[in-house]
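**Student:** Sequence and predicted structure below; questions after.
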Amino acid sequence: MKCAVLSKNKCISVVEMPDKDLLADECEVTIRVAGICSSDVNRGYGGGAYFYPLVMGHELSGEITALGKDVGDHFNIGDSVCVFPLLPCFKCVSCKQKLYAQCSKYDYYGSRRHGGFSEKLNVVHWNLFKLPRGVSLADGSLVEPTAVVVHAIGRAGLEPKKHSKVCILGAGFLGLIAVQVVRHLYPNCEVHMVDRNLFKLDIAEIYGATTTLVNTDKSWNNFLRDSENAFDSVIELAGTVATYTAGIIIAKPGARVVWGSNISEDLIIPSSQVSTILRKEIEIVGTWNSIYKGTETCDWTKALDLISNGLRPSKLVSSKINLSEINSTISKLYNHKVRKDKFESIKVLVEPHS
């Protein structure tokens, strides 16, 4: 099978790899769509891989083309599925509470083991979720990041019947999905979105967000001044020191601030801001990955319900590429991230068989 292999930092090429033997509890999935995540950009071009060579890709959908002998009647050949990429140990304290994303000894498709930037991938059947009828494979590949957003919003303490103001810091793919999820689940909530990219904010406005452009020091400082103590909830999805500390300033007394993205450098909080946290009694909570319990009610079932009822994360797709284009595309995404070259994109999908 053909795979896009990260052989070293900033070097991804398509190579032929032998098929792996199918284990008893696995299904062979022919990968139809794989999303490029911001973590893939750091993993591929920011030196963030655990090992080399690595096949990245963890936002996945495809069709089952072979069954391990112990899969039983859980799945059938031809089923369309998406993939929960985290492989828990099932033995630690977190796993025993079914908090698998907090597993202390987890494995991970596309990160700690080979993933889905390939034509096929053998996946443990516990990690497969059958796509409902009417959900496209493109949207299926984006269930994983949508579930991450559902989990983050669940941590924000919003109430369906209460009028409240929420500020989402960061208008990337997750932020734009978050606008839609909040608008759907909390119609009385006033959603504000802040970013330095007008291209992305224009999209946020389409989905009902009030937007603020902060592309200069002056505009950023004006936003902090004008929005002090303004929001009932703040969701940080940008991953910068400035956005992490901004939540402390713009949160109302008693508000909840959700820290949800991998930060790019060390965060040092001045004593004056610590005093602000104490005086305003702000709750700062973390969010990580999503809660997955198979077909039991969880972030994944909620995400699929949203998609089944009209949420279309695939509408945010900027381009679709093949395996041979992954290297150049991630290079462009990385250079845009470090502000070397401009490359306007929200989400890129890989179609391994195109």
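**Tutor:** Now that the structure is in, tell me what you want to look at.
**Student:** need the contact list for the residue positioned nearest the centre of the chain.
**Tutor:** Nearest to the mean C-alpha position of the chain, counting by Cα atoms, centre = their mean, stands Pro145 at 3.4 Å. Listed by Cβ atoms under 8 Å, 6 or more residues apart in numbering, the contact set of Pro145 reads Gly35, Cys37, Glu59, Phe173, Leu174, Ile177, Pro313. No exception for glycine: its C-beta is placed from N, CA and C like everyone else's.
**Student:** So which of those are in helices?
**Tutor:** Of these, the ones assigned to helices by DSSP state H are Phe173, Leu174, Ile177.
**Student:** Tell me the one of the residues you listed nearest Asn289?
**Tutor:** Using Cβ to Cβ, Leu174 comes nearest to Asn289 of these, at 12.1 Å.
**Student:** domain assignment for this protein?
**Tutor:** By the assignment in automatic domain parsing, the chain contains the domains 2-144+290-350, 156-286.
**Student:** picking up where we left off before, for my notes, please list the ones in helices among the contacts of Pro145 in TSV and give pLDDT, neighbour count and distance to Lys252 for each entry.
**Tutor:** Shown next, in TSV, are the ones in helices among the contacts of Pro145 (pLDDT from 0 to 100; neighbours: other Cβ atoms under 10 Å; distance: Cβ to Cβ, whole Å):
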residue	pLDDT	neighbour count	distance to Lys252
Phe173	98	27	28
Leu174	98	22	23
Ile177	98	27	25
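**Student:** Surely the residue nearest to the centre of the chain is in a helix?
**Tutor:** Yes. Looking at Pro145 with DSSP: H, G, I helix; E, B strand; the rest coil, it is inside a helix.
**Student:** That one and Gly62: what is the separation?
**Tutor:** Distance from Pro145 to Gly62, counting by Cβ to Cβ, to the nearest Å: 17 Å.
**Student:** of all the domains of the chain, which lies closest to Val150?
**Tutor:** The closest of those to Val150 is domain 2-144+290-350. By Cβ to Cβ, the value is 4.6 Å.
**Student:** And that closest one, how far out from the chain middle?
**Tutor:** Distance of domain 2-144+290-350 from the chain centroid (Cα atoms, centre = their mean, to the nearest Å) equals 11 Å.
**Student:** End to end on that domain, go ahead and measure it.
**Tutor:** Terminal residues of domain 2-144+290-350 are spaced 13 Å apart (Cα to Cα, to the nearest Å).
**Student:** Show me the strands in the stretch 1-150 of the chain, by range?
**Tutor:** Along the stretch 1-150 of the chain, counting by DSSP state E, counting those that start in this stretch, strands occupy 2-8, 11-16, 26-35, 54-55, 59-67, 80-83, 86-87, 107-108, 120-124, 128-130.
**Student:** Format those strands as JSON lines; extra columns: mean pLDDT and distance to Ala152.
**Tutor:** Putting those into JSON lines (pLDDT from 0 to 100; distance: least, Cβ to Cβ, whole Å) gives the following:
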{"stretch": "strand 2-8", "mean pLDDT": "98", "distance to Ala152": "27"}
{"stretch": "strand 11-16", "mean pLDDT": "98", "distance to Ala152": "29"}
{"stretch": "strand 26-35", "mean pLDDT": "98", "distance to Ala152": "17"}
{"stretch": "strand 54-55", "mean pLDDT": "98", "distance to Ala152": "27"}
{"stretch": "strand 59-67", "mean pLDDT": "98", "distance to Ala152": "16"}
{"stretch": "strand 80-83", "mean pLDDT": "98", "distance to Ala152": "19"}
{"stretch": "strand 86-87", "mean pLDDT": "98", "distance to Ala152": "16"}
{"stretch": "strand 107-108", "mean pLDDT": "98", "distance to Ala152": "19"}
{"stretch": "strand 120-124", "mean pLDDT": "98", "distance to Ala152": "25"}
{"stretch": "strand 128-130", "mean pLDDT": "97", "distance to Ala152": "19"}
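**Student:** Export these as CSV, with columns for mean neighbour count.
**Tutor:** Output for those, formatted as CSV (neighbours: other Cβ atoms under 10 Å):
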stretch, mean neighbour count
strand 2-8, 20
strand 11-16, 16
strand 26-35, 24
strand 54-55, 22
strand 59-67, 23
strand 80-83, 24
strand 86-87, 20
strand 107-108, 15
strand 120-124, 22
strand 128-130, 21
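**Student:** Save the ones you listed as CSV, and put in distance to Asn188 too.
**Tutor:** Output for the strands of the stretch 1-150 of the chain, formatted as CSV (distance: least, Cβ to Cβ, whole Å):
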stretch, distance to Asn188
strand 2-8, 45
strand 11-16, 45
strand 26-35, 31
strand 54-55, 45
strand 59-67, 31
strand 80-83, 31
strand 86-87, 34
strand 107-108, 37
strand 120-124, 40
strand 128-130, 31
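**Student:** Ok, which of the ones you listed comes nearest Lys302?
**Tutor:** Across the strands of the stretch 1-150 of the chain, Lys302 has its closest neighbour in strand 128-130 (12.3 Å, Cβ to Cβ).
**Student:** List the residues that contact Ser104.
**Tutor:** The contact partners of Ser104, by Cβ under 8 Å, 6+ apart, come to Cys89, Cys92, Val93, Ser94.
**Student:** among those residues, which are in helices?
**Tutor:** Within these, residues falling in helices by DSSP H are Val93, Ser94.
**Student:** List only buried entries from the contacts of Ser104.
**Tutor:** Cys92, Ser94 (16 or more other Cβ atoms under 10 Å).
**Student:** Most widely separated two among the contacts of Ser104?
**Tutor:** Spanning the widest gap among the contacts of Ser104 are Cys89 and Val93, at 10.6 Å by Cβ to Cβ.
**Student:** could you dump the contacts of Ser104 to TSV with pLDDT?
**Tutor:** TSV is the format used below for these (pLDDT from 0 to 100):
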residue	pLDDT
Cys89	97
Cys92	97
Val93	97
Ser94	97
